[in-house]
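Asker: Take this sequence and fold it.
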Amino acid sequence: MGTVQSAPPGRGGLDARFLYFTVRARTHALAILEVTARSFLPTPESRLMTNSGPTRSLGAVSTTRIEAFSDGVFAIATTLLVLEITVPQVGENGNLFQSLFDLWPSYLSYLVSFLTIGVMWVNHHFLIGLYQRVDRSLLFLNLGLLAVVAFIPFPTAVLAEYLVEGTQSQLSAATLLYGVVMIVLTAMFTLLWLHTRNAVDSVRDADASAEAINKAIRFCFITLGLYAGAIVLALVVPVAALAVFVLVLLQFAFWRLSRQSPARSM
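Answerer: Here you go, the predicted model:
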């Protein structure tokens, strides 16, 4: 793999640049998956937790594997976002400064999506931290969430492509696509929190966590309403819908369930 990663081609054409960045993305993904696979190896603590005690439920596993796999998917998704920012080709007499500035829609879309995934990762870390072990239902719900996270680079690229140069209808379609993906992402998070509220046997301290979990569920439903409003705006005023996306991101960024997870304070 080391011989393939040469310096980025200067003016070798789109095919050469696509091949270069594809190889780079594959290399980063393999490195992340290698670290993730190593973390899957059972530790003495995880063996003790999953194999001892009469209260261990059938199919329950420690949180180590779900945390490691989720972190890998979040990391790969954020890495793929930057691949949509292409190197401008200006020729010998072209204005590179202007070409770099003209990429601002890609910068903006990248920033919003990266921060959205990052904030989701922070809240996902808090959610999984409430568990002492995970069951099969949580594993499948988590897979659904990760499937949406891995899909985010696509609507991000579409939005960046049509944010400035597209027609009104094209921008509406791009904004609508982004909003639908955000709704599905929030819906999966809502299902995870609803499952957490009912998984009293798997949560470390169900009584201490109840208030934070209920607060998270209320926040998710509010977010779903905001995204639904953004979808309506996308059909009429796409720019206003983009402002709602940023507003929701700021809400997620400054929202605090608690200063310390009940799972960590035990």
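Asker: any idea how far Ala210 is from Leu159?
Answerer: Noted for Leu159: a distance of 38 Å to Ala210, by Cβ to Cβ, to the nearest Å. Just so you know, the C-beta spots here come from the backbone N, C-alpha and C atoms, and that holds for glycine as well.
Asker: Compare neighbour counts for those two and give me the winner.
Answerer: Neighbours were counted for Leu159 and for Ala210 using other Cβ atoms under 10 Å; Leu159 has more, 27 against 14.
Asker: for that one, what are its contacts?
Answerer: Counting by Cβ atoms under 8 Å, 6 or more residues apart in numbering, Leu159 touches Pro105, Ser109, Ala174, Thr175, Leu177, Tyr178.
Asker: now, which of these lie within helices?
Answerer: Of the positions in the contacts of Leu159, Pro105, Ser109, Ala174, Thr175, Leu177, Tyr178 sit in helices, assigned by DSSP state H.
Asker: can you put these in a markdown table and add distance to Thr167?
Answerer: What follows is the ones in helices among the contacts of Leu159, written out as a markdown table (distance: Cβ to Cβ, whole Å):
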| residue | distance to Thr167 |
| --- | --- |
| Pro105 | 15 |
| Ser109 | 18 |
| Ala174 | 11 |
| Thr175 | 13 |
| Leu177 | 15 |
| Tyr178 | 17 |
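Asker: Tell me which two of the contacts of Leu159 sit farthest apart.
Answerer: Within these, Pro105 and Leu177 form the most distant pair, 15.0 Å apart (Cβ to Cβ).
Asker: could you say which helix or strand contains the residue sitting nearest the centre point of the chain?
Answerer: Among the residues of the chain, the one closest to the centroid is Ile117, at 3.2 Å (Cα atoms, centre = their mean). Assigned by DSSP states H and E, Ile117 falls within helix 104-129.
Asker: From the contact counts, what lies against that helix?
Answerer: The helices and strands touching helix 104-129, judged by 3 or more Cβ pairs under 8 Å, 6 or more residues apart in numbering; DSSP states H and E, are helix 63-82, helix 136-151, helix 153-162, helix 168-198, helix 238-254.
Asker: so which of the ones you listed comes closest to Ala228?
Answerer: Among those, helix 168-198 comes nearest to Ala228, with 6.7 Å by Cβ to Cβ.
Asker: quick one, that closest one and helix 104-129 angle?
Answerer: Orientation of helix 168-198 against helix 104-129 (axes from the mean of the first three to the mean of the last three Cα atoms, to 10 degrees) gives an angle of 10 degrees.
Asker: chain center to helix 168-198, what's the gap?
Answerer: Centroid separation for helix 168-198 versus its chain: 12 Å, with Cα atoms, centre = their mean, to the nearest Å.
Asker: Show me what it is packed against.
Answerer: Applying 3+ Cβ pairs under 8 Å, 6+ apart, we find helix 168-198 packed against helix 104-129, helix 136-151, helix 153-162, helix 206-236, helix 238-254.
Asker: Export the ones you listed as TSV, with columns for mean pLDDT.
Answerer: Shown next, in TSV, are the helices and strands packed on helix 168-198 (pLDDT from 0 to 100):
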stretch	mean pLDDT
helix 104-129	89
helix 136-151	94
helix 153-162	90
helix 206-236	89
helix 238-254	84
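Asker: so which of these is the most packed in?
Answerer: With neighbours taken as mean count of other Cβ atoms under 10 Å, the helices and strands packed on helix 168-198 reach their highest mean count in helix 153-162, at a mean of 21.
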